[in-house]
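A.B. asks: The following comprises the amino acid sequence and a computationally predicted model.
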Amino acid sequence: MGGMHCRSLLVLAWLGLSASCFAHESLPVVTQVIVHKSERRLMLMQGDQVLRSYHVALGLAPTGDKQSEGDFRTPEGHYLLTRRNPRSNYFLSMLVSYPNDLDRADARKLGMRPGGAIMVHGLPNDLRKPMDYYSTKDWTNGCIALSNSDMIEFWLLVKSNTPIDIQP
């Protein structure tokens with residue numbers, strides 16, 4: 001815990017310093033995040049313009065929409081990025097507003113719980129596999145994972161309550 005806490009403090013200090021360094025410059029305004037699951041691609045959008053594009057890893061069962069807790073699928077649909085967590089078990093994280101009312105209703109019809117805690121995040125703070133595993137495999141429980149360097153840029157450019165559209 002102590003090591004993770006120290007890393008989080010260092011990251012926060014670095015992010016605070018970076019944000020202040022860029023304060024006088026105009027950072028692009030991200031109006032939407034789009035994820036194309038089949039392409040393993042996350043794009044930061046400003047209107048119709050792609051500002052940044054990143055490779056992502058998805059849930060262990062990436063094909064299809066998330067239906068229930070524990071199915072290892074990444075949800076598909078329209079959500080918001082609602083909460084930022086600099087002290088996550090992963091290198092930074094932003095919560096996706098899954099499940100929405102439709103997701104809950106669909107899971108209820110199946111007699112299941114929809115699950116939750118879907119996030120966009122970096123690598124685990126406690127790596128359990130070689131680094132190349134995380135860059136070449138789908139490895140999350142249903143989240144959307146970026147490299148740590150991409151997550152820093154995502155964190156700086158994407159504000160809370162930005163829409164995220166997760167497509168098949």
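C.D. replies: It's in. Just so it is clear, the structure is predicted and the values come from calculations on it, not from any experiment.

A.B. asks: what sits against Gln32?
C.D. replies: If you count contacts by C-beta atoms under 8 Å, 6 or more residues apart in numbering, Gln32 has them with Met45, Thr162, Pro163, Ile164, Asp165. For the C-beta atoms, the positions are set from N, CA and C on the backbone; glycine is no exception.

A.B. asks: Helix, strand, or coil at the last one?
C.D. replies: So that's Asp165. Three-state assignment for Asp165 (DSSP: H, G, I helix; E, B strand; the rest coil): strand.

A.B. asks: Report the contact partners of Asp106.
C.D. replies: Asp106 makes contact with Gln67, Pro114, according to C-beta under 8 Å, 6+ apart.

A.B. asks: try it again with 6 Å
C.D. replies: With contact taken as C-beta atoms under 6 Å, 6 or more residues apart in numbering, Asp106 is in contact with no other residue.

A.B. asks: Just name the closest of the contacts of Gln32 to Ser93, please.
C.D. replies: The shortest separation between Ser93 and any of these is 13.2 Å, and it belongs to Ile164 (by C-beta to C-beta).

A.B. asks: Nearest spatial neighbour of that closest one, chain-adjacent residues omitted?
C.D. replies: Val33 (4.3 Å; C-beta to C-beta, 6 or more residues apart in numbering).

A.B. asks: hmm, back to that, just the buried subset of the contacts of Gln32, please.
C.D. replies: In the contacts of Gln32, burial by neighbour count holds for Met45, Thr162, Ile164, counting by 16 or more other C-beta atoms under 10 Å.

A.B. asks: Next, the first one: phi, psi?
C.D. replies: Just to be clear, that refers to Met45. Main-chain dihedrals, Met45, degrees, to the nearest 10: phi -110, psi 150.

A.B. asks: Quick check: buried residues in whatever helix or strand Val33 lives in?
C.D. replies: Assigned by DSSP states H and E, Val33 falls within strand 32-36. Using 16+ other C-beta under 10 Å as the test for burial, strand 32-36 gives Gln32, Val33, Ile34, Val35.

A.B. asks: mind listing what the residue most central in space within the chain touches?
C.D. replies: Nearest residue to the geometric centre of the chain (C-alpha atoms, centre = their mean): Val120, 0.8 Å. The contact partners of Val120, by C-beta under 6 Å, 6+ apart, come to Met94, Ile144.
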